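Peer 1: sharing a sequence plus its predicted fold:
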Amino acid sequence: MADTALTSATALEDADRRKAWGFVAPALLWTVAFFVVPFAFMAAMSLWRREGRDIVHAWNFDNYIRFFSENALFRGLVNSLEITVIVTVISVLLAYPLAWIIAERVPKRLQRMALILAILPFWTSYVVRSYSWLLVLSKNGVINQMFMTIGLISEPLELASTRTATVIGFVHFFVMLLTLTIYSNLIQLSPNYRRAAADLGANAFQTFWHVVLPLTLPGIMTGAFLTFVLCIGDYVTPQILGGNNELVLPQIIMLQLGRRADFPMAAALSIVLMLAVTVAYLACARWLKIERA
Amino acid sequence: MLRRIFASVLSWTYLVLVYAFIFLPVAVLVLFSFQDGRLPVPPFNGFSLQWYGAVFADRKLMAALGNSMVVALVSSVVSVLLGFLAAYALARYKLPGSALQRGLLIAPMTVSYLIIALGLLSLMNALHIPLSLMTVGIGHVVINLPLCFAIIYASMGDHHINIERAARDLGANDFKVMALVTAPMLMPSILAAFFLSITFSWDEFIIAFLLSRFDVTLPVEIWSLLRSGLNPKTNAIGSLVFLASVAVLLILELSLFGRTKKQ
């Protein structure tokens, strides 16, 4: 079959190839013009400097040196990493049992329903989702009012504008995402593995620890990596829920832009953000099968 | 036996608790959108639709809603079209450097929206291109094109090649083959890509925030509403967006699920 395709193709090859380039060109051009070029421009700009209202094409690493030496800036990266790691770990720990229960305990015909329900709040407006946690956590919000009514506390707790609030908002979002990725991994597991483990004398816990968990690790890692990328790059949730107490990197980037119009510094911080994601990618690359979509 | 019951009770309790956590903020949002009073927090003063009235009377919100719809629709059509053409070329022809091309087309997926927005903003500034809905749309195609390409490319099965060849033998030219044979065969994934793009673009904040000036989209307008503090009007518009998104999700689910069942 390949032979006939080849012989009939030789005459048309050049015309065909030109046509194919024509089909793929618009997408490539768009990506180059609006993604590669802006990104390269930003990388170059991170080596420039803002002076007064102008941007000086200075070509040095001053912005990066300033980032590592100025505590207010470097602290942003530390905060970002801390929050992202906390969120990723809590989300995995919460989502795994949920995915397992949906896959194992919920009757087959209801599983699809259970999943749709679990991700339904995904579809609220992104900005509104963070805001709605504010209604729950604020001083006169649902939780404080409830605790005060039952007499658990006498003074409202300071829940909003804290790191805890940011973590809760993020975990809420990522539990849904991770439940999906882990569930799809769990239902692909053949029950034979578990039967074999049981036949060989493993108890339920041993089966889980030595068989099920390692086999679902790719799903966990894919989900965890997605969580890491989306969490560390997000501005909305920390800004609405965390307030201005412990700034994360995206908040500092937006501050450089909005308040100081310091594009070169914002660009340098963005490159730092990119590097953090790249390191995370390399760290879980052996489990990730994202590129073979 | 007892252990079985205990494990079962434990898992159902866990399920209920996590679902409660997932639905708590949304439930509070919707409940207090009906608040008869100025604050969307307890106590609940009684049922009122005044805030929904306020939303529909807000000309800025309605304009933002219209802008969001236009941007989502146009950018999704462009993303699907470019993604489909690229997927067709890379799946059906042997092009030099095709792995590199695929990598390039997927690459924006791995970069956070803030960085994409910042890059575009710097470039637009440098070239003195004014910010508008158009620049927002350009940014949205950048984030949705990889998704559309990946979804459609993954569904370009080899078994479709023979059907396309048959169409060509019967005298159809490339565009006829693509429009009348390939696209209909791939319709489920094309629609999935299209609707996903719409929901992403419709809800996207940071690109819309940085790349728009006067014509803002709905998330950006909601963002500026937040500056006035907790407000039942924000709850009302949030509940409406939730409802609209769930409706789109249901249409997608029913139409695509119905299709796969038929096949």
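Peer 2: The structure has been received and is ready for your questions. Numbers count the residues shown, from 1 in each chain, chains lettered A, B, ... in the order given.
Peer 1: how about low-confidence regions in chain B?
Peer 2: B:256-263 (pLDDT under 70).
Peer 1: what ranges do the helices span in it?
Peer 2: Secondary structure of chain B (DSSP state H): helices at B:2-32, B:50-57, B:59-92, B:98-106, B:113-126, B:133-154, B:159-169, B:174-176, B:183-185, B:187-203, B:206-211, B:218-226, B:232-262.
Peer 1: now chain A against chain B: closest residue?
Peer 2: A:Gly233 (2.7 Å; CB to the nearest CB). Any C-beta I mention is one placed from the backbone N, CA and C, and that applies to glycine too.
Peer 1: that older thread, in CSV, list the helices of chain B along with mean neighbour count and distance to chain A.
Peer 2: Below are the helices of chain B laid out as CSV (neighbours: other CB atoms under 10 Å in any protein chain shown; distance: least, CB to the nearest CB, whole Å):
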stretch, mean neighbour count, distance to chain A
helix B:2-32, 15, 4
helix B:50-57, 16, 12
helix B:59-92, 21, 4
helix B:98-106, 16, 6
helix B:113-126, 23, 3
helix B:133-154, 24, 5
helix B:159-169, 13, 9
helix B:174-176, 13, 6
helix B:183-185, 13, 13
helix B:187-203, 21, 5
helix B:206-211, 25, 6
helix B:218-226, 21, 5
helix B:232-262, 17, 4
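Peer 1: which of these sits closest to A:Pro250?
Peer 2: helix B:113-126 (5.3 Å; CB to CB).
Peer 1: now chain A, which segments are flagged as low pLDDT?
Peer 2: Checking chain A against pLDDT under 70 turns up A:1-12, A:289-293.
Peer 1: any idea which residue is closest to the centre of it?
Peer 2: A:Leu230 (2.2 Å; CA atoms, centre = their mean).
Peer 1: so that residue, which of the three states?
Peer 2: Three-state call for A:Leu230 (DSSP: H, G, I helix; E, B strand; the rest coil): helix.
Peer 1: quick one: it from B:Ser224, how far?
Peer 2: A:Leu230 is 24 Å from B:Ser224, where distance means CB to CB, to the nearest Å.
Peer 1: swap in B:Phe200?
Peer 2: For B:Phe200, the distance to B:Ser224 (CB to CB) stands at 21 Å.
Peer 1: what do you get for B:Thr182?
Peer 2: Going from B:Thr182 to B:Ser224 by CB to CB gives 44 Å.
Peer 1: where do the strands sit along the stretch 101-250 of chain A?
Peer 2: With DSSP state E, counting those that start in this stretch, there are no strands along the stretch 101-250 of chain A.
Peer 1: need the residues of it near chain B, please.
Peer 2: A:101-102, A:105-106, A:116-118, A:120-121, A:123-129, A:131-136, A:138, A:140-142, A:145-146, A:172, A:175-176, A:229-230, A:232-236, A:240, A:250 (CB under 8 Å from any CB of the partner chain).
Peer 1: in ChimeraX, select just the buried ones from those residues.
Peer 2: Of these, the buried ones can be selected in ChimeraX as follows, counting by 16 or more other CB atoms under 10 Å in any protein chain shown:
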select /A:101,102,106,118,120,121,123,124,125,126,127,128,129,131,132,133,134,135,136,138,141,142,145,172,175,176,229,230,232,233,234,235,236,240,250
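Peer 1: show me the helices in the stretch 151-293 of chain A, by range?
Peer 2: A:163-186, A:191-199, A:204-207, A:213-232, A:236-237, A:249-258, A:263-284 (DSSP state H, counting those that start in this stretch).
Peer 1: dump those into TSV; add distance to B:Pro188 as well.
Peer 2: Listed next are those as TSV, based on distance: least, CB to CB, whole Å:
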stretch	distance to B:Pro188
helix A:163-186	18
helix A:191-199	29
helix A:204-207	37
helix A:213-232	24
helix A:236-237	32
helix A:249-258	36
helix A:263-284	31
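Peer 1: give me the nearest residue to B:Leu186, chain neighbours excluded.
Peer 2: B:Ser155 (5.5 Å; CB to CB, 6 or more residues apart in numbering or on different chains).
Peer 1: that older thread, now for the residue nearest to the centre of chain A: which residues touch it?
Peer 2: For A:Leu230, the contact set (CB atoms under 8 Å, 6 or more residues apart in numbering or on different chains) comprises A:Phe174, A:Leu177, B:Ser112.
Peer 1: from memory the second one sits against A:Phe228, does it?
Peer 2: When you say that, I think you mean A:Leu177. No. Using CB atoms under 8 Å, A:Leu177 makes no contact with A:Phe228, being 11.5 Å away.
Peer 1: which of these two has more residues huddled nearby?
Peer 2: Set A:Leu177 next to A:Phe228 and count neighbours by other CB atoms under 10 Å in any protein chain shown: A:Phe228 wins out with 22 against 17.
Peer 1: so that one sits against A:Ala280, correct?
Peer 2: Yes. Contact criterion CB under 8 Å: A:Phe228 and A:Ala280 qualify, at 4.9 Å.
Peer 1: so which bits of stretch A:53-72 are buried?
Peer 2: Those would be A:Ile55, A:Asp62, A:Asn63, A:Tyr64, A:Phe67, for stretch A:53-72 by 16+ other CB under 10 Å.
Peer 1: sec struct for the last one, please.
Peer 2: Following three-state DSSP, the label given to A:Phe67 is helix.
Peer 1: which helix in chain A has the most residues?
Peer 2: Longest helix in chain A, counting by DSSP H: helix A:71-104.
Peer 1: just how off-centre is that one within its chain?
Peer 2: 10 Å (CA atoms, centre = their mean, to the nearest Å).
Peer 1: buried stuff in it?
Peer 2: By neighbour count on 16+ other CB under 10 Å, the buried set for helix A:71-104 is A:73-74, A:76-77, A:79-81, A:83-84, A:86-88, A:90-92, A:94-103.
Peer 1: from the contact counts, what lies against it?
Peer 2: helix A:62-69, helix A:108-119, helix A:163-186, helix A:213-232, helix A:249-258, helix A:263-284, helix B:2-32 (3 or more CB pairs under 8 Å, 6 or more residues apart in numbering or on different chains; DSSP states H and E).
Peer 1: the last one vs helix B:50-57, what angle?
Peer 2: For helix B:2-32 against helix B:50-57, the angle by axes from the mean of the first three to the mean of the last three CA atoms, to 10 degrees is 60 degrees.
Peer 1: give the other helices and strands that helix B:2-32 contacts.
Peer 2: Counting by 3+ CB pairs under 8 Å, 6+ apart, helix B:2-32 packs on helix A:71-104, helix A:108-119, helix A:126-137, helix A:163-186, helix B:232-262.
Peer 1: run the angle between it and helix B:232-262 for me.
Peer 2: Using the same axes, to 10 degrees: helix B:2-32 against helix B:232-262 is 130 degrees.
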